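Visitor: Predicted model and sequence follow; I will ask about them next.
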Amino acid sequence: MRVLIAAEENAWGGMIQQFRHTLPDVEFTASAGHAAESLAGYDALIPGMAKVTPDLLKTADRLKLIQQAGAGLEGVDLASAKALGIQVANVPSDRSGNADSVAELGIWMMIGLARKAREIPEMIATRQLGLPVGMGLMGKTVGLVGLGGIGKALAKRLAPFGVRLIGVKRTADQAFAKAHQLDWLGNMAHLPALLNDADFVILSLPDNADTRHIIDETALAQMKPGSYLINLGRGGLIEKQALLAALEVNHLAGAGLDVFWQEPPEPDDALFQYNVIATPHIGGVTDNSLNGNVAGVCENLRRLRDGEEILNRWA
């Protein structure tokens, strides 16, 4: 069986090498460029961040499975895959350890922003004690935009900090709100109310037609002055120029970004002159998450090889 991986050989923290170790009888080809050109000769595709378009799918001559190494499938044309009889599956973030790892990074960003981490090296260099004066999390309001695996993992970990949790998701469910210790839960129409109320807004949504630029100039103006925005979802959730403008006038006190409009971002991007904590899309790159994703991917590849039912199918 031959599997094409839309990534470079050293991508994903050694995950590709773990695939080979787990399934030594499967041929894995890591090639970011080739995956954008042709799927001919492959039984399965691991797409990563690559776009799987109708034109690309037409090049497949024996492809049976598109298996994501994680949860995100927004780059895969599910309808076209289904029409061609190609199965599509992922590894749900709340089962792989990915959601837990991303939530931990989000809380680290919150604490770093609240404690003015960017100013600390200067205080050390100038021998100043007792500075900077930070913000405590207890009693602050955290708005969770998206309450899938990552949002739920954030709620679970943030509650012990003594914060007030509010959230929006596609459908409001009061039983869900109670189970996850949310002070209130609305649907996406209630996003302006959340933005106006929260000291920290954390995004953990996919990027699709409904969520693209969900945080634009209007939404940023609705955010509380001096609040913080953290994006753990996808870069396209935020309109970049609007974010730059909000940081320039200090309407936002800062931002935490693990995802960007262009990945990797340019090191000299104007964004980095502001109070921004940036990480290179590493939210899910931990030992726990990598092991969980490898196990999920390899289980489905084994099932494909052995003619068994594929798990976590989307198409």
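Guide: That came through fine. Remember, it's a predicted structure, so these values are computed and weren't measured experimentally. Numbering: from 1, shown residues only.
Visitor: quick one, helices of this structure?
Guide: With helices called from DSSP state H, the chain shows them at 15-22, 54-57, 78-83, 93-96, 98-114, 120-125, 149-158, 174-179, 191-197, 217-222, 240-248, 287-306.
Visitor: Check which residues of the second one are buried.
Guide: Within helix 54-57, the residues that qualify as buried are 56, 57, counting by 16 or more other CB atoms under 10 Å. For glycine as for every other residue, the C-beta is placed from the backbone atoms N, C-alpha and C.
Visitor: what's the average pLDDT for that helix?
Guide: Average pLDDT, helix 54-57: 96.
Visitor: where does this protein have low pLDDT?
Guide: 33-35 (pLDDT under 70).
Visitor: Where does the record place the domain boundaries for it?
Guide: For the chain, the structural domains run 2-94+286-306, 98-278, going by the TED database.
Visitor: what about the shortest one, how long is it end to end?
Guide: This stretch, domain 2-94+286-306, spans 14 Å end to end (CA to CA, to the nearest Å).
Visitor: State the distance from residue 288 to residue 119.
Guide: Residue 288 is 32 Å from residue 119, where distance means CB to CB, to the nearest Å.
Visitor: ok, now how distant is residue 112 from residue 164?
Guide: 21 Å.
Visitor: Pick out whichever of these two has more residues nearby.
Guide: The residue with more neighbours, out of residue 112 and residue 164, is residue 164; 19 against 16, by other CB atoms under 10 Å.
Visitor: my guess is that one meets residue 138, correct?
Guide: No: with contact defined as CB atoms under 8 Å, residue 164 does not reach residue 138; the gap is 9.8 Å.
Visitor: circling back to that earlier point, switch the domains of the chain over to CSV; also include distance to residue 313.
Guide: What follows is the domains of the chain, written out as CSV (distance: least, CB to CB, whole Å):
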stretch, distance to residue 313
domain 2-94+286-306, 5
domain 98-278, 17
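Visitor: Out of these, which gets nearest to residue 314?
Guide: Nearest to residue 314, of all these, is domain 2-94+286-306, at 4.8 Å by CB to CB.
Visitor: Quick check: phi and psi on the residue nearest in space to the middle of the chain?
Guide: Centroid check for the chain by CA atoms, centre = their mean gives residue 233 as the closest residue, at 3.4 Å. Per-residue torsions, residue 233: phi -100, psi -90 (degrees, to the nearest 10).
Visitor: What residues does it make contact with?
Guide: Applying CB atoms under 8 Å, 6 or more residues apart in numbering to residue 233 gives the contacts 146, 150, 203, 204, 205, 206, 207, 211, 259.
Visitor: number of nearby residues for the first one?
Guide: The local packing count at residue 146 equals 24, with neighbours defined by other CB under 10 Å.
Visitor: For it, give me its contacts.
Guide: So residue 146 contacts 168, 169, 203, 204, 205, 233 (CB under 8 Å, 6+ apart).
Visitor: how about 6 Å then?
Guide: Counting by CB atoms under 6 Å, 6 or more residues apart in numbering, residue 146 touches 204, 205.
Visitor: what does the last one give?
Guide: Contacts here follow CB under 6 Å, 6+ apart; on that basis residue 259 touches 231, 234, 235, 281.
Visitor: swap the cut-off to 8 Å and go again
Guide: Shown in contact with residue 259 (CB under 8 Å, 6+ apart): 231, 232, 233, 234, 235, 281, 283.
Visitor: repeat for the fifth one
Guide: Taking CB under 8 Å, 6+ apart, we find residue 205 in contact with 145, 146, 211, 214, 233, 234, 237.
Visitor: Near residue 204, how many other residues are there?
Guide: Residues near residue 204, counting by other CB under 10 Å, number 27.
Visitor: now residue 288
Guide: Residue 288 has 14 nearby residues by other CB under 10 Å.
Visitor: I'd say it and residue 103 touch.
Guide: No: assessed by CB under 8 Å, residue 288 is found out of contact with residue 103, at 11.7 Å.
Visitor: Excluding residues flanking it in the chain, which one is nearest residue 275?
Guide: On the basis of CB to CB, 6 or more residues apart in numbering, the spatially nearest residue to residue 275 that is not a chain neighbour turns out to be residue 254, at 3.6 Å.
Visitor: close enough to count as contact, the one you found and residue 278?
Guide: No: the pair residue 254 / residue 278 is not scored as a contact, 10.9 Å apart, by CB under 8 Å.
Visitor: related to what we said a few turns ago, which of the contacts of residue 233 lies closest to residue 16?
Guide: Among these, residue 259 lies closest to residue 16 (CB to CB), at 21.4 Å.
Visitor: Excluding covalently adjacent residues, which one is nearest to that closest one?
Guide: Closest residue to residue 259 in three dimensions, ignoring its sequence neighbours and counting by CB to CB, 6+ apart: residue 235, at 4.6 Å.
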